[in-house]
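Below: sequence and its predicted model.
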Amino acid sequence: MNSACVAPHAITMTDNMEKYCSQHNIDPSRLPQHVAIIMDGNGRWARARNLPRSEGHVEGVATVRRITEESSRLGIKYLTLYTFSTENWNRPADEVEALMHLISIAIERETPDLIKNNVRLTMIGDFDRLPAEPRRRLEGCFAATAHCTGLTLCLALSYSSRWEITRATREIASQVAAGQLDINDIDDNTISNHLTTACMPDPDLLIRTGGDYRVSNYLLWQIAYTELSFTATYWPDYSVDEYREAIRRFGQRERRFGLTSDQIK
């Protein structure tokens, strides 16, 4: 299942969005179209407070709500959150079970607010590997928010980039073997079109919280020219103000895509 690959909605920057950006010294003409976030530090946030790791994940859901709402107010079109990686299945069974339960509860609880805020929920990852209850609630939220035309919130669940690229390679190889695709016609676009993000633009900005400086098998193909932002702040403490500052700094960067500054000008 690839719920992210549906016809994208055309989003127009409204006067309210432009006014809101200006109020916070953000240039609406230099806003990232797609922000991807690695939400790291939930467990360490809890440990620093002598709490169970699960409490960090619960608090992290509140941050998801804040950042999603702020992204909508700013006029960002896509927000992709690294929610659960394929490697996370190797964590202790009780933690995995708690995370799946939390995801199920959070999806059902947040669905009315997503609809109210005109946010469409999608997902990338190995949907079939998820337990039955999260799958059921996700499908319900996908259907309930399908009509929304604002921000697209994409959860990377049971996702890793190597899994995704391997899956795409198998699909392409099958098409070649079946005579549906000439091997000499394979190019960058061929691969991009077989990824789970095929109907989304590549991220403009990748933010990682929690103090680590790596991308952890996340959107490796898609972030070839993405601007990177790292912060030591644990995800539960990540504030709207810090998020806005990352957006401001993005707007000040020169994105050359392999060209020179003179060529860009």
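Looks like it came in fine.

Work out for me the element the residue of the chain most remote from its centre sits within.
Largest separation from the mean C-alpha position in the chain: residue 179, at 34.7 Å (C-alpha atoms, centre = their mean). Assessed by DSSP states H and E, residue 179 sits outside every helix and strand.

With residue 157 instead?
Residue 157 belongs to strand 152-159 when assigned by DSSP H and E.

Could you look up the next helix or strand downstream of that strand?
helix 161-177.

So which bits of that next one are buried?
By neighbour count with 16 or more other C-beta atoms under 10 Å, helix 161-177 contains the buried residues 161, 163, 164, 168, 171, 172, 175. Bear in mind the C-beta positions are built from the backbone N, C-alpha and C, glycine included.

quick one: average pLDDT of that helix?
Taken as a whole, helix 161-177 has a mean pLDDT of 98.

ok so, going back, could the buried residues of helix 161-177 be laid out in JSON lines, adding distance to residue 46?
Shown next, in JSON lines, are the buried residues of helix 161-177 (distance: C-beta to C-beta, whole Å):
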{"residue": "161", "distance to residue 46": "27"}
{"residue": "163", "distance to residue 46": "28"}
{"residue": "164", "distance to residue 46": "30"}
{"residue": "168", "distance to residue 46": "36"}
{"residue": "171", "distance to residue 46": "40"}
{"residue": "172", "distance to residue 46": "42"}
{"residue": "175", "distance to residue 46": "46"}
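
and of those residues, the nearest to residue 152?
Nearest to residue 152 among the buried residues of helix 161-177 is residue 164, at 18.0 Å by C-beta to C-beta.

Assess the claim that the closest one and residue 198 are in contact.
No - Residue 164 is beyond contact range of residue 198, at 10.6 Å (criterion: C-beta atoms under 8 Å).

Neighbouring strands of the strand holding residue 157 in the sheet, and parallel or not?
strand 78-85 (parallel), strand 120-124 (parallel) (DSSP bridges).

Compute the number of surrounding residues for residue 15.
For residue 15, the tally of surrounding residues (other C-beta atoms under 10 Å) stands at 7.

cool, and residue 144?
Other residues near residue 144 come to 15 when the count uses other C-beta under 10 Å.

Without its sequence neighbours, what residue ends up closest to it?
Counting by C-beta to C-beta, 6 or more residues apart in numbering, residue 111 is the residue found nearest to residue 144 once chain neighbours are left out, at 5.5 Å.

For the longest helix seen in the chain, buried residues please.
Assignment by DSSP state H gives helix 93-116 as the longest helix of the chain. Buried residues in helix 93-116, counting neighbours by 16+ other C-beta under 10 Å, are found at 98, 99, 100, 102, 103, 104, 106, 107, 110, 111, 114, 115.

Beta-bridge partners for the residue nearest the centre of the chain, please?
Centroid-nearest residue in the chain, with C-alpha atoms, centre = their mean: residue 80, separated by 1.1 Å. Legend: beta-bridge partners of residue 80 under DSSP bridges are residue 36, residue 154.
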